[in-house]
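# here are the coordinates; sequence isn't available:
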């Protein structure tokens, strides 16, 4: 896992049919039956399964193998392929993510991302958010957002 990516506005994603991931807590390793029942929708309700199953992620004990996984910190959203391709526009992007020592390079590369002289701003997701307060306010204002809901 590398600290690179894009952050999107929730409202813009919601309007495109994107949904938050549904997390099943398998930390105690006791949810195998729940997951199997959920996946039985593939046989009983295949059209509904095409929408629901891609949204499900298990955290905690891996199913069928040893080890643990936990990506809940991502606040991940998905668009099931049954809903079609996700069309991303530049204005859907709130801010970019990269290591702090690469911010200058990335901002130069994307200095006209939103039009002439309107750069895509970058922050390091591993640093305290207060470090980038001015940039985040600028991003919020660019999208005419009263609050930062990303």
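That came in fine, so what should we check first? Predicted, not measured: the structure shown is a model, and the values here were computed from it. Numbers count the residues shown, from 1 in each chain.

# gap between the residue lying farthest from the centre of the chain and residue 52?
Distance from the C-alpha centroid of the chain peaks at residue 44, with 29.6 Å (C-alpha atoms, centre = their mean). Taking C-beta to C-beta, to the nearest Å as the measure, residue 44 falls 12 Å from residue 52. For glycine as for every other residue, the C-beta is placed from the backbone atoms N, C-alpha and C.

# Likewise for residue 76?
For residue 76, the distance to residue 52 - C-beta to C-beta - is 15 Å.

# ok, the two, which is more surrounded?
residue 52 (18 against 12; other C-beta atoms under 10 Å).

# residue contacts, that one?
Residue 52 sits next to 22, 38, 41, 80 when contact means C-beta atoms under 8 Å, 6 or more residues apart in numbering.

# My read is that residue 32 contacts residue 63, right?
Yes. Counting by C-beta atoms under 8 Å, residue 63 is a contact partner of residue 32 at 6.0 Å.

# Now do the shared contacts for these two.
Shared contacts of residue 32 and residue 63, counting by C-beta under 8 Å, 6+ apart, come down to residue 26.

# about what we covered before: mind checking pLDDT for the residue farthest from the centre of the chain?
For residue 44, the pLDDT comes out at 96.

# Tell me the spacing between it and residue 37.
In terms of C-beta to C-beta, residue 44 sits 10 Å off from residue 37.

# what do you get for residue 27?
19 Å.

# How many neighbouring residues does the nearest residue to residue 87 once chain neighbours are set aside have?
In space, residue 87 comes closest to residue 16 once its chain neighbours are excluded; the distance is 7.1 Å by C-beta to C-beta, 6 or more residues apart in numbering. Here the number of neighbours of residue 16 (other C-beta under 10 Å) works out to 17.
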